[in-house]
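*Asks:* Sharing a sequence plus its predicted fold:
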Amino acid sequence: MKKIPGFRFRFSGCVQEFRRGAHGAPRRILLAVFGLALAGQAVAAGITATIEPREFSTDHAARLTVTVSGASTSEPAMPSVPGLQLQPEEQSTRMQIINGAISTSQSYTYRVAAREAGAYVIPPIGARLDGTMQKTRPIQVTVTKGTGRNRAFRAPAPAHRRGTASATPVSAGEADNLAFLRVHVSDHSPYVGELVPVQIKAYFLEELQAGLNGAPVLNGNAFTLHSLSAEPQRTREVVGQHVYSVLTWYTGMSAVKAGEFRVSAQLDATLLVPRSGSSHARRDPFGGDLFDSFFGGDPFAGVFGQVEERNVTLAGENETIHVLALPEQGRPEHFGGAVGRFDLSVGATPRDLNVGDPVTVRIEVKGYGNFDRVTKPRFTREANLKVYSPSQDFEARDTIGYEGSKTFEQAVIPRGASPAEIPSMEFSYFDPETEQYGTTTSDPIPLRIKQAASGEATRSAPLVTPEPEPGAAAEEEEKQVQYPAALQIELGATSRSLHPAVLQPWFWMLQIPSLAALFLGFVLCRRRTGDLRNPGRVKRKETRYAVDRAMRTMDRAVNGGDVPGFFHACRVAAQERLGELWGMEPPAITLADLRLRIPDATGLLRVFETADAVAYAGQSYSQDELRTYLDALKEELASLETKS
Amino acid sequence: MNGQTTFKPAVTVIASILGLCLPPSASNAAGIDELFEQGNRACAEEDYDEAIQCYGSILDREVVSPGLFANLAAAHREQGNVGLALLNFERALWLAPRNADIRAGLQSLRRDTALFVDSEPGWTRVLQALSMGEWTWTATASFATLAGLVLLRGFGVSRIPFRVTAAVCLLALLASGGGVAYRLQQMDRFVVVHADAPLLVSPYEAAGRIAAMREGRILRAVDSHGEFTKVVSAAGQAGWMSTGDLVRIVPSTDDANPTP
């Protein structure tokens, strides 16, 4: 069988191909580029295998990791170990370039499960590394007896893994097919309600270019079908004489009634097949010549239109399922339809509380089975509790929700200080392994309940109807105490709206006066600060105020005939103006200073002389004379102001 | 003419303030007190439908008060309307956050219905000590005092210890501004008023359901589209809900009647 270079296998929707797969074309190209560019560099090659844990029970599985390192590696050949199931889980590739040396390592992870307890040896695992075959050391594992069955083991998992072409029995009609579908039901005689894991496997010739047009559909009228696993698992298998790429989906189904029923599956896909009229056309679409022409022909056949797309529907063979009815004998009174094996654990917080305080009860049912039929466990006896509807949450531990734990959280309020405990709870199920009903019971949880202080009597107004507990509902309703609600007697401060004032336009208009005051205050403060920084301006301002004041005094003195007052004001005005001009204290300026500094200022000299004469000799002047003096002084002061 | 035009806004503002701040008129107040008494009597006689109707009539007259909302909440509580009871308790607390009776009533309701809320950090308790109105008027008074101080300082009045007083006013202004901001942030809270209201992935009737929201849950609104509101729970769960399943605790101005 020859391969067309670069002819790749393509699945629409397999977006993880580059990240996960070792067969994706982009990744191959990338590796090839690096390989050519850095050929000849030293590479450390080797193969190692580790398993964790080395000891596990039949209920659990271990994880085997095979790591292959080197520049040119092949995929490890997984041995077959009787009694052990090696199921591929993940594959990852790591590349390092250190100082020009390139090294790649690929890790293959397998889930290892055992049907029976005992000691097993995994033989050396071999792989071809840089042209030589290398092997790991044998690995010893110990498997102890578990408590229940291991469904994962019971599923008909073929002895293959991703990337390793392992032999698979071929069914009639499948040989030499380009693609076909198989359905594996792990239990062909389940009980009503029992969750049965199902595998749907789609086989495509490895070198075939194909695309999926949707997810596979499982048909079965008497079954409730669960959702498929989100991403199909990719593996390789040899069927007959050919290597197939296999996509595997996992799901589950449970029967709703007893009887014999059929289950089938179908999948829509698009295949790229050579045109019948081309020079490389096959003579027999499913014969041996097909492969010679298909893979040995023109590598650009698809590009130049020598292949055509063909939409096909792959249909698997019908599986016959014989559904058993659940036995009537020994059925617990409160059996809710759970089929599987389950454990119950109950916790409560807080355990120290006052009467009337709520307690959160956490109930966990874990195990494997049909969790959709698992309901909240019930109290084994009447509880003096007010209970509320529980919330529930399911956490699956596998892709189909077969194994996991379902958690209920329920608020309860003890109605008194006694009895101070959360009663035990019980949960009934049918175990298909032992074919008997089972009941698991939790221990009662003691509580420490204190009576509330007298001032804080607890009220339990009938707001909502508590969830009735089976067997205790009627009594609980009778015990419930009806308290009147506390009413407010006063209406209190009223307003027109709940809407805040801060969102009303008028509120912001109300802030305008404050804003204006703030602005004005800042301006005034700034001016005051400016005055402090400029003493000359302040001095000029003070002089102007003093002169103006003296002028007003002179006017009053003229009108009142106050001659001494008039001349005193004249002298003060002149002193203020001259003091500013000469940089002297105004009171210190005398007639002598004027004669010395401004001998030609006759008007001022005359005012000063007259003022002295009036002050010491008491001369008298008429109003007209005083006005003459006033005018002369004004002219002199104006002249001095101009000079200053 | 000009004088009248200038005068009009001032008159409008003053009239608005007086209208909003002053209590209802005497005749109106008498009718309201009578309705309130009537509602209380109906409650005592366990005629909660009548009580809710009386309290609703008061709300229709555009009068709200903490006592009114608290009693309305109590009546709804007795009727089993958890969502409406919680809504009205929250509204009462919005107006009177330090009222111990209302707070105890709300806590009792939460405890009995297992509608627990996460404990809030201590600093939020400080911000919750005053109502929105109290924070607002504290901020306004602080600002006005600060402005007056600056104005007096500008006029050269130096008898007041300016720096100390201004610092006190500024601190009060900052604190009350924080209080107002916190209360504003609380305004986008909604209460689920219908049992098991669906939380959808997108704002359409046929959209996939994420969860069912319990009646009485408090959610924060972040977006709206048509008849749907995007909400986020305290735990961070987000989704779209029919607006009819939600009632805003503090109604927006568009809501004429705060009672659903």
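*Replies:* Alright, I've got the coordinates.
*Asks:* how much space between the residue in the stretch 51-200 of chain B that chain A sits nearest to and B:L173?
*Replies:* Chain A sits closest to B:G154 of the stretch 51-200 of chain B, with a gap of 2.6 Å, by C-beta to the nearest C-beta. C-betas here are computed from N, CA, C, even on glycine. Going from B:G154 to B:L173 by C-beta to C-beta, to the nearest Å gives 19 Å.
*Asks:* before we move on, the earlier item: I'd say the residue of the stretch 51-200 of chain B closest to chain A and A:L520 touch.
*Replies:* Yes: counting by C-beta atoms under 8 Å, B:G154 touches A:L520, with 6.4 Å between them.
*Asks:* Those two: which is more packed in?
*Replies:* B:G154 (20 against 15; other C-beta atoms under 10 Å in any protein chain shown).
*Asks:* Spit out the contact partners of that one.
*Replies:* Applying C-beta atoms under 8 Å, 6 or more residues apart in numbering or on different chains to B:G154 gives the contacts A:520-525, A:527-528.
*Asks:* Tell me which stretches of chain B form helices.
*Replies:* Listed in chain order, the helices of chain B (DSSP state H) span B:2-21, B:26-44, B:48-60, B:66-79, B:82-95, B:100-113, B:122-128, B:132-154, B:162-185.
*Asks:* okay, and the helix or strand of chain A with the least pLDDT?
*Replies:* Here the helix or strand of chain A ranked lowest by mean pLDDT, DSSP states H and E is helix A:17-20, holding a mean of 33.
*Asks:* Could you pick out the longest strand of chain B?
*Replies:* strand B:218-225 (DSSP state E).
*Asks:* Say whether chain A is contacted by it.
*Replies:* No: no part of strand B:218-225 sits near chain A under the criterion C-beta under 8 Å from any C-beta of the partner chain; the closest distance found is 16.0 Å.
*Asks:* In this structure B:N88 contacts B:Q79, no?
*Replies:* No: look at B:N88 against B:Q79 with C-beta under 8 Å: they stay out of range, at 11.7 Å.
*Asks:* Tell me which of those two has more neighbours.
*Replies:* B:N88 (31 against 15).
*Asks:* Report the separation between the more buried one and B:L109.
*Replies:* Taking C-beta to C-beta, one finds B:N88 at 10 Å from B:L109.
*Asks:* can you list residues touching both of those two?
*Replies:* Common contacts of B:N88 and B:L109, defined by C-beta under 8 Å, 6+ apart, comprise B:A73.
*Asks:* Can you measure across stretch A:344-358, start residue to end residue?
*Replies:* This stretch, stretch A:344-358, spans 22 Å end to end (C-alpha to C-alpha, to the nearest Å).
*Asks:* Quick one: mean pLDDT over that stretch.
*Replies:* Stretch A:344-358 shows a mean pLDDT of 82.
*Asks:* Return stretch A:185-196 as PDB; C-alpha atoms alone will do.
*Replies:* Extracted C-alpha coordinates of stretch A:185-196, given in PDB (Å, rounded to 0.1, in the frame of the first residue of the first chain):
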ATOM      1  CA  VAL A 185     -23.400  -1.800  23.900                       C
ATOM      2  CA  SER A 186     -21.700  -2.900  27.000                       C
ATOM      3  CA  ASP A 187     -24.600  -4.800  28.500                       C
ATOM      4  CA  HIS A 188     -27.100  -6.600  26.300                       C
ATOM      5  CA  SER A 189     -29.400  -7.500  29.200                       C
ATOM      6  CA  PRO A 190     -29.800  -4.500  31.400                       C
ATOM      7  CA  TYR A 191     -32.500  -3.800  33.900                       C
ATOM      8  CA  VAL A 192     -35.200  -1.200  33.400                       C
ATOM      9  CA  GLY A 193     -33.600   2.200  34.200                       C
ATOM     10  CA  GLU A 194     -30.100   0.900  34.300                       C
ATOM     11  CA  LEU A 195     -27.600   3.200  32.500                       C
ATOM     12  CA  VAL A 196     -25.800   1.200  29.800                       C
END
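*Asks:* Centre of the chain to it, how far?
*Replies:* Chain-centre distance of stretch A:185-196: 37 Å, with C-alpha atoms, centre = their mean, to the nearest Å.
*Asks:* Would you mind confirming that A:V323 is in contact with A:G193?
*Replies:* No: using C-beta under 8 Å, A:V323 is not in contact with A:G193, being 9.5 Å away.
*Asks:* list the residues that contact both of the two?
*Replies:* In contact with both A:V323 and A:G193: A:A255, using C-beta under 8 Å, 6+ apart.
*Asks:* need the contact list for B:T229.
*Replies:* B:190, B:221, B:223, B:240-243, B:246.
*Asks:* Let me know the closest of these to A:Q209.
*Replies:* Using C-beta to C-beta, B:W240 is the member of the contacts of B:T229 that lies nearest A:Q209, at 42.4 Å.
*Asks:* Isn't the closest one up against B:L200?
*Replies:* Yes: using C-beta under 8 Å, B:W240 makes contact with B:L200 at a distance of 4.6 Å.
*Asks:* Overlap of the contact sets of the two?
*Replies:* Common neighbours of B:W240 and B:L200 (criterion: C-beta under 8 Å, 6+ apart): B:207, B:228.
*Asks:* which of those two has more neighbours?
*Replies:* B:W240 (23 against 20).
*Asks:* can you pull the contacts of that one?
*Replies:* With contact set as C-beta under 8 Å, 6+ apart, B:W240 has these partners: B:199-203, B:207, B:225, B:228-231.
*Asks:* Right, I'll call it a day here.
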